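Q: Sequence and predicted structure below; questions after.
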Amino acid sequence: MGNSIGKSLVLTSFGDSHGPYIGAVLDGFPSGIEIDLELIKLDLNRRRPGQSAISTLRNEEDNFQIISGIFEGKSTGTPITILIENKDHKSSDYESLKNLYRPGHADFVYDKKYGFRDHRGGGRSSARVTAAWVAAGAIAKTLLQKWYQCEVHSVVSSVYNLEVDNVFQLDWHEAENNLVRCPNPEIAQKMIDCIHQAQIDGDSLGGKIATKVTNCPIGFGEPLFDKLNADLAKSIFSINAVKGLEFGSGFESSKMLGSEYNDDAVSIENKEGGITGGLSNGKQLEFTTAFKPVSSIAKTQKINTKEGQIIDHSIEGRHDPCVLPRAVPIVEAMTALCLADHALLNLKFGKL
């Protein structure tokens, strides 16, 4: 099972949705970096369940412990191990799903591949495990800031059919002032209302998250199979519910002429999203991630049983009607971890 990602900076994830702990080991992080514990706490609070009326009612404080790799506030160069205790898991909510395969979930394919699965909250396939990724990502953010003044930020740019125009031109500081983390306050309120209605209807919504990286140095990425956009894609697609990713103009570029698409010598546009030939080009990195609607919904659906029957079933438990607001720090974390990995890869070639 693929539990690790990265080359020079390796993140190894462990734990299950309803186990005693979830956690991560960050191996390869350089020594002597002062670790911002408050940033870790802040990002975990942005991701944690139970933070608002439009998120799951599972209420985890997500207090973390770092049990190795940091001494007197600085990294030692040894593996950094992060533990987060699971406290508010209710396994009884999932007992009725023991022999059922929920639509959109990994239940069926896990059973077929491994012959056994933890049905409680999805076990290993649950997005619960991403909390530790967020903590590790906050540590990666510290490295990027210290070495390059490089910053990673994400916002919600669409929910369902509500979309922010020209999102990369807006002031993103507004995003943390509303429940949905959208930089346009007017559209944010419409998104919140839409999510509330889906919640009432027992349904769920998908949407998009926009990400920008400022002060990314030129030359992150390695041709041919370790292109920066390819590694970012692997990192982002590792996040639950991600179904699409586009850099810069993305799919719209397929409708353009070469003369329209090329960012020539005098162009101030960024149609390539800050990556040329798989290498960062010094412009702001810009990409958008598409998330499907949350699979667990209260509406009655046709569900397969382990015995091969099809029954009507409504999924109980505590689930997000829309994952987008809580996914913002997850996207940031996986982006930061990938960029920090490439920063360390560049050291092998004598470039900081």
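A: Alright, I've got the coordinates.
Q: And the helices in the protein?
A: Counting by DSSP state H, the chain has helices at residues 37-47, 107-114, 130-148, 185-200, 228-237, 258-261, 324-347.
Q: and the ones you listed as JSON lines, adding mean neighbour count, mean pLDDT and distance to L83?
A: (Glycine included, C-beta is placed from N, CA and C.) Formatted as JSON lines, those follow (neighbours: other Cβ atoms under 10 Å; pLDDT from 0 to 100; distance: least, Cβ to Cβ, whole Å):
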{"stretch": "helix 37-47", "mean neighbour count": "18", "mean pLDDT": "97", "distance to L83": "12"}
{"stretch": "helix 107-114", "mean neighbour count": "14", "mean pLDDT": "88", "distance to L83": "25"}
{"stretch": "helix 130-148", "mean neighbour count": "24", "mean pLDDT": "98", "distance to L83": "8"}
{"stretch": "helix 185-200", "mean neighbour count": "18", "mean pLDDT": "96", "distance to L83": "32"}
{"stretch": "helix 228-237", "mean neighbour count": "20", "mean pLDDT": "98", "distance to L83": "22"}
{"stretch": "helix 258-261", "mean neighbour count": "10", "mean pLDDT": "94", "distance to L83": "47"}
{"stretch": "helix 324-347", "mean neighbour count": "25", "mean pLDDT": "97", "distance to L83": "17"}
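Q: For F247, find the nearest of the ones you listed.
A: For the helices of the chain, the distance to F247 is smallest for helix 228-237, at 5.5 Å, taking Cβ to Cβ.
Q: just to revisit the earlier point, so which of the helices of the chain comes closest to T76?
A: It is, among these and with distance given as Cβ to Cβ, helix 130-148, at 12.7 Å.
Q: could I get the helices of the chain as CSV with distance to E286?
A: Formatted as CSV, the helices of the chain follow (distance: least, Cβ to Cβ, whole Å):
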stretch, distance to E286
helix 37-47, 21
helix 107-114, 33
helix 130-148, 16
helix 185-200, 19
helix 228-237, 11
helix 258-261, 15
helix 324-347, 11
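Q: for the ones you listed, which one sits closest to I82?
A: Judged by Cβ to Cβ, the one of the helices of the chain that comes nearest to I82 is helix 130-148, at 4.8 Å.
Q: Run the angle between that closest one and helix 324-347 for me.
A: 50 degrees (axes from the mean of the first three to the mean of the last three Cα atoms, to 10 degrees).
Q: other SSEs contacting helix 130-148?
A: Counting contacts by 3 or more Cβ pairs under 8 Å, 6 or more residues apart in numbering; DSSP states H and E, helix 130-148 is packed against strand 10-15, strand 21-27, helix 37-47, strand 80-85, strand 151-159, helix 324-347.
Q: what's in contact with the third one?
A: Spelled out, that is helix 37-47. Contacts with helix 37-47, where a contact means Cβ atoms under 8 Å, 6 or more residues apart in numbering, come from 51, 62, 64, 73, 84, 130-131, 134-135, 137-139, 141-142, 181, 326-330, 332-333.
Q: Could you do the second one as well?
A: Taking contacts as Cβ under 8 Å, 6+ apart, the residues outside strand 21-27 that touch it are 9-16, 69, 79-86, 128-129, 131-133, 135-136, 139-140.
Q: thinking again about what came up before, can I get the helices and strands packed on helix 130-148 in TSV including distance to I187?
A: Putting those into TSV (distance: least, Cβ to Cβ, whole Å) gives the following:
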stretch	distance to I187
strand 10-15	34
strand 21-27	33
helix 37-47	20
strand 80-85	33
strand 151-159	9
helix 324-347	13
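Q: ok, how many other residues are close to the closest residue to H105 other than its chain neighbours?
A: Excluding its sequence neighbours, the residue lying closest to H105 (Cβ to Cβ, 6 or more residues apart in numbering) is S295, at 5.2 Å. S295 has 19 neighbours, counted by other Cβ atoms under 10 Å.
Q: In the chain, what helix or strand scores lowest on average pLDDT?
A: Lowest mean confidence among the helices and strands of the chain (mean pLDDT, DSSP states H and E): helix 107-114, at a mean of 88.
Q: quick one on the thing from earlier: for P217, which of the helices of the chain is the nearest?
A: When the helices of the chain are ranked by proximity to P217 (Cβ to Cβ), helix 130-148 comes first, at 5.7 Å.
Q: In PDB, list the C-alpha atoms belonging to that closest one.
A: Extracted in PDB, the C-alpha atoms of helix 130-148 (Å, rounded to 0.1, in the frame of the first residue of the first chain):
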ATOM      1  CA  THR A 130      -5.100  14.100   6.100                       C
ATOM      2  CA  ALA A 131      -4.900  16.000   9.400                       C
ATOM      3  CA  ALA A 132      -1.400  14.700   9.900                       C
ATOM      4  CA  TRP A 133      -0.500  15.700   6.300                       C
ATOM      5  CA  VAL A 134      -1.600  19.300   7.200                       C
ATOM      6  CA  ALA A 135       0.700  19.300  10.200                       C
ATOM      7  CA  ALA A 136       3.600  18.100   8.100                       C
ATOM      8  CA  GLY A 137       2.700  20.600   5.400                       C
ATOM      9  CA  ALA A 138       2.900  23.400   7.900                       C
ATOM     10  CA  ILE A 139       6.500  22.300   8.700                       C
ATOM     11  CA  ALA A 140       7.200  22.400   4.900                       C
ATOM     12  CA  LYS A 141       5.800  25.900   4.700                       C
ATOM     13  CA  THR A 142       8.300  27.000   7.400                       C
ATOM     14  CA  LEU A 143      11.200  25.800   5.300                       C
ATOM     15  CA  LEU A 144       9.900  27.500   2.100                       C
ATOM     16  CA  GLN A 145       9.400  30.700   4.000                       C
ATOM     17  CA  LYS A 146      12.800  30.600   5.600                       C
ATOM     18  CA  TRP A 147      14.800  29.800   2.400                       C
ATOM     19  CA  TYR A 148      12.800  31.700  -0.200                       C
END
